[in-house]
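> Sequence first, predicted model second:
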Protein chains: 2
Amino acid sequence: MELWFTEKHSPGRGLTYQVKQTLYQERSQFQTIDIVETEDFGLVMLLDGVIMVTEKDEFVYHEMLSQPPLFTHPAPREVLIIGGGDCGTLKRVLIHKTVEHVTQVEIDEMVTRVAGMYFPLLTDCTKDPRVDLVFDDGTHYLRNNQDRFDLILIDSTDPVGPAEGLFQRDFYADCQRALKEDGILCIQSESPYIDALREVIVQANRDLRGLFPFVFPYLTPIQTYQAGLWMFQMASNRYNPINPEVGKRIDSMGSAFQFYNRAIHDACFAMPEFIKRMLV
Amino acid sequence: MELWFTEKHSPGRGLTYQVKQTLYQERSQFQTIDIVETEDFGLVMLLDGVIMVTEKDEFVYHEMLSQPPLFTHPAPREVLIIGGGDCGTLKRVLIHKTVEHVTQVEIDEMVTRVAGMYFPLLTDCTKDPRVDLVFDDGTHYLRNNQDRFDLILIDSTDPVGPAEGLFQRDFYADCQRALKEDGILCIQSESPYIDALREVIVQANRDLRGLFPFVFPYLTPIQTYQAGLWMFQMASNRYNPINPEVGKRIDSMGSAFQFYNRAIHDACFAMPEFIKRMLV
């Protein structure tokens, strides 16, 4: 018997894939968590029925959320990750030797526990003495912090359910307060190819531009996410990602990555015409 | 009753979309041709069950197959399109005033006829006096031409069925002979995110590098094609696409496009690490 699952990306379309077996199914306090073995993507973790992590291509999302801002900052020491319970982003932050301390604030402890069972290559990095795992609502956590972080990464689910508060202007304002004066905030910002998500992208862009002197949207093709194209937005108090010094730092790390490199760094900030017009 | 169709992109995954109604179904001498009205993509043309053109996003593929090579050549006058029966590429070639003559060689006349019924915004351009429509096998057509074209665009279906011959080294060699000494060949080159297509991409890259002094692969996210990421390969006898003169020419055309612009031109040639390693 062949089992197939379709993840709807809008009412009229979705990604369909063959599931060899279901390995784990649970409902946490916040969401459903599934682990399935698939024909094409290896092991997959889903939250509320939406693909979060696949063995096959998690490197694309996790490298591209973390590396552009990490290399844009000349010496990121203190890093905060909001969300990111699977630890794929955390693993890529720790590659940087300048990083002295990473706090990860995930709302759902069960996500990290289940990731530990099925994605040990991602969660192994939690043993690093620089890591501090906190299980709390990111919006609560941030209110008690000021002038503390060089970099904040928002590695959230979609703006429905537990992550809704992570797409609000007030939350971005709290991030701005929690950053040092030359700090950088970088958020995952959904798919510009999905009509219903465009308002989310445009609103986040407006909110960030109201709070930060510089906002740099960037794009990456991610085959297991909605419509295969993903946006991020980097909001920066001082540093510009397009800078030869950034390029030199990337080159000095050799080929530590499977997706990211110096050319990809410079290229990801190019916006197609229809997105430029959307973000005016 | 809701009707859904799944286009398989490999044995274990596919793109699923809702079909409001089927408007046309026919089998030509070469392939099946379907026109359906979809919830998310507007009207869609399928050849042998594979999406070729959608109202929603045809601009991405057609602009990105045509504009990078058109702007890389300082004055493309004589252009050849092999395939491209829907005329979406042809329309974008004709935007360029330097172009004096375009020959389009499509194997299946029925594709162009059906496109004329459902995609008149694409086929209207065939009235342009610079256009010469030929219905013939592209591999046959090319053998009788030498030193004639500034630019050849291969706008083919996948390398199974009628387009198989358009992915062979002999065909690329015929293209090389049909080009002027400073000519450019540009091919659609499938999705690097689909494992089974990687050998096609690598082989085309090797074949082209054996025939042309310069080969520039480039990438574009296309949500209705396999895995949402598409590759093209530009093989050039003389001109390099990364060149400030090219940028000036793009800027001089203003915002004639929905996807392509100067920043996208420079960015599309950046290759992720895993593709760079694949093409060594």
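Arrived safely, thanks for sending. Quick caveat: nothing in here was measured; it's all calculated off a predicted structure. Numbering: from 1, shown residues only, chains lettered A, B, ... in the order given.
> Keeping just the C-alphas, turn the helix or strand harbouring A:Ile187 into CSV.
With the criterion set as DSSP states H and E, the secondary-structure element containing A:Ile187 is strand A:179-188. Listed in CSV are the C-alpha atoms of strand A:179-188, where the atom choice follows Å, rounded to 0.1, in the frame of the first residue of the first chain:
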residue,chain,number,x,y,z
LEU,A,179,20.2,44.2,20.3
LYS,A,180,23.4,46.1,20.8
GLU,A,181,23.7,49.4,18.9
ASP,A,182,25.3,47.7,15.9
GLY,A,183,23.2,44.5,16.1
ILE,A,184,21.4,42.6,13.4
LEU,A,185,17.9,41.0,13.4
CYS,A,186,17.1,38.3,10.8
ILE,A,187,13.7,36.7,10.3
GLN,A,188,12.3,33.9,8.2
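> Centre of the chain to the following helix or strand past it, how far?
Of the helices and strands lying after strand A:179-188 in sequence (DSSP H and E), the nearest is helix A:198-211. A distance of 17 Å separates the centroid of the chain from that of helix A:198-211, by C-alpha atoms, centre = their mean, to the nearest Å.
> list the buried ones in helix A:198-211?
Neighbour-count burial for helix A:198-211, with 16 or more other C-beta atoms under 10 Å in any protein chain shown as criterion, is recorded at A:Arg198, A:Val200, A:Ile201, A:Ala204, A:Asn205, A:Asp207, A:Leu208, A:Leu211. Just so you know, the C-beta spots here come from the backbone N, C-alpha and C atoms, and that holds for glycine as well.
> What residues does the residue in the stretch 101-250 of chain A that chain B sits nearest to make contact with?
Among the residues of the stretch 101-250 of chain A, A:Gly228 lies closest to chain B, at 1.8 Å counting by C-beta to the nearest C-beta. With contacts defined as C-beta atoms under 8 Å, 6 or more residues apart in numbering or on different chains, A:Gly228 is in contact with A:Ser191, A:Tyr193, A:Pro221, A:Ile222, B:Pro221, B:Ile222, B:Gln223, B:Ala227, B:Gly228, B:Leu229.
> For chain A, which segments count as helices?
Taking DSSP state H, the helices of chain A run over residues A:58-72, A:88-93, A:109-118, A:120-123, A:138-142, A:169-178, A:198-211, A:244-252, A:262-268, A:273-278.
> Make a markdown table out of those helices and add mean pLDDT.
Shown next, in a markdown table, are the helices of chain A (pLDDT from 0 to 100):
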| stretch | mean pLDDT |
| --- | --- |
| helix A:58-72 | 98 |
| helix A:88-93 | 98 |
| helix A:109-118 | 98 |
| helix A:120-123 | 98 |
| helix A:138-142 | 94 |
| helix A:169-178 | 97 |
| helix A:198-211 | 97 |
| helix A:244-252 | 96 |
| helix A:262-268 | 98 |
| helix A:273-278 | 97 |
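> Can you give me the domain boundaries for chain A?
Residue ranges of the domains in chain A are recorded as A:3-54, A:58-278, according to automatic domain parsing.
> nearest to B:Thr54, of those?
Ranking the domains of chain A by proximity to B:Thr54 (C-beta to C-beta) places domain A:3-54 first, at 10.8 Å.
> quick revisit: export the contacts of A:Gly228 to TSV and tack on distance to A:Tyr239?
Listed next are the contacts of A:Gly228 as TSV, based on distance: C-beta to C-beta, whole Å:
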residue	distance to A:Tyr239
A:Ser191	26
A:Tyr193	29
A:Pro221	25
A:Ile222	25
B:Pro221	27
B:Ile222	32
B:Gln223	32
B:Ala227	33
B:Gly228	31
B:Leu229	29
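> what's the angle from the lengthiest strand in chain A to strand B:13-27?
Among the elements of chain A assigned as strand by DSSP state E, the one spanning the most residues is strand A:13-27. Strand A:13-27 runs at 150 degrees relative to strand B:13-27, counting by axes from the mean of the first three to the mean of the last three C-alpha atoms, to 10 degrees.
> by contact count, what packs against strand A:13-27?
Counting contacts by 3 or more C-beta pairs under 8 Å, 6 or more residues apart in numbering or on different chains; DSSP states H and E, the secondary-structure elements packed against strand A:13-27 are strand A:3-10, strand A:32-38, helix A:109-118, strand B:13-27.
> Next, count neighbours for A:Gly83.
Under the neighbour criterion other C-beta atoms under 10 Å in any protein chain shown, A:Gly83 is assigned a count of 24.
> That one against A:Ser156, yeah?
Yes. The criterion here is C-beta atoms under 8 Å, and A:Gly83 meets it with A:Ser156 at 4.3 Å.
> follow-up on the earlier one: now the helices of chain A in JSON lines, with distance to B:Ile184?
Output for these, formatted as JSON lines (distance: least, C-beta to C-beta, whole Å):
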{"stretch": "helix A:58-72", "distance to B:Ile184": "30"}
{"stretch": "helix A:88-93", "distance to B:Ile184": "38"}
{"stretch": "helix A:109-118", "distance to B:Ile184": "48"}
{"stretch": "helix A:120-123", "distance to B:Ile184": "43"}
{"stretch": "helix A:138-142", "distance to B:Ile184": "50"}
{"stretch": "helix A:169-178", "distance to B:Ile184": "46"}
{"stretch": "helix A:198-211", "distance to B:Ile184": "35"}
{"stretch": "helix A:244-252", "distance to B:Ile184": "29"}
{"stretch": "helix A:262-268", "distance to B:Ile184": "21"}
{"stretch": "helix A:273-278", "distance to B:Ile184": "23"}
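> wait, which of those is closest to A:Glu37?
Each of the helices of chain A was checked against A:Glu37 via C-beta to C-beta, and the shortest separation belongs to helix A:109-118, namely 9.4 Å.
> Of all the residues in the longest strand of chain A, which ones are buried?
Buried residues in strand A:13-27, defined by neighbour count with 16+ other C-beta under 10 Å: A:Arg13, A:Gly14, A:Leu15, A:Thr16, A:Tyr17, A:Gln18, A:Val19.
> Name the strands paired with it and say parallel or antiparallel.
When sheet partners are counted by DSSP bridges, strand A:13-27 sits next to strand A:3-10 (antiparallel), strand A:32-38 (antiparallel), strand B:13-27 (antiparallel).
> Return the most buried member of the domains of chain A.
domain A:58-278 (a mean of 20; mean count of other C-beta atoms under 10 Å in any protein chain shown).
> what distance separates it from the middle of the whole chain?
5 Å.
> From start to finish, how long is it in a straight line?
Between the opening and closing residues of domain A:58-278 lies a distance of 28 Å (C-alpha to C-alpha, to the nearest Å).
> Can you tell me how far A:Arg51 is from A:Pro68?
You called it Arg, but residue A:51 is Ile. A:Ile51 is 22 Å from A:Pro68, where distance means C-beta to C-beta, to the nearest Å.
> let me fix that: A:Ala115
24 Å.
> and if you look at A:Thr103?
On the measure of C-beta to C-beta, A:Thr103 and A:Pro68 end up 20 Å apart.
> same thing with A:His101?
With the distance defined as C-beta to C-beta, A:His101 ends up 21 Å from A:Pro68.
> ok so, going back, so for the longest strand of chain A, mean pLDDT?
What strand A:13-27 shows for mean pLDDT is 98.
> what does that strand contact?
So strand A:13-27 is contacted by A:2-9, A:32-41, A:43, A:51, A:110, A:114, A:117-118, A:224, B:6, B:11-18, B:38-41 (C-beta under 8 Å, 6+ apart).
> Up against chain B, what does the stretch 51-200 of chain A have?
Residues of the stretch 51-200 of chain A that fall close to chain B, judged by C-beta under 8 Å from any C-beta of the partner chain: A:Asp57, A:Val60, A:Tyr193.
> got the phi/psi numbers for the last one?
Read that as A:Tyr193. When read as degrees, to the nearest 10, the backbone of A:Tyr193 gives phi -80, psi -10.
> Looking at the closest residue to it other than its chain neighbours now. What's its pLDDT?
The shortest distance from A:Tyr193 to any residue other than its chain neighbours is 3.6 Å, reached at A:Ala227 (C-beta to C-beta, 6 or more residues apart in numbering or on different chains). According to the predicted model, the pLDDT of A:Ala227 comes to 97.
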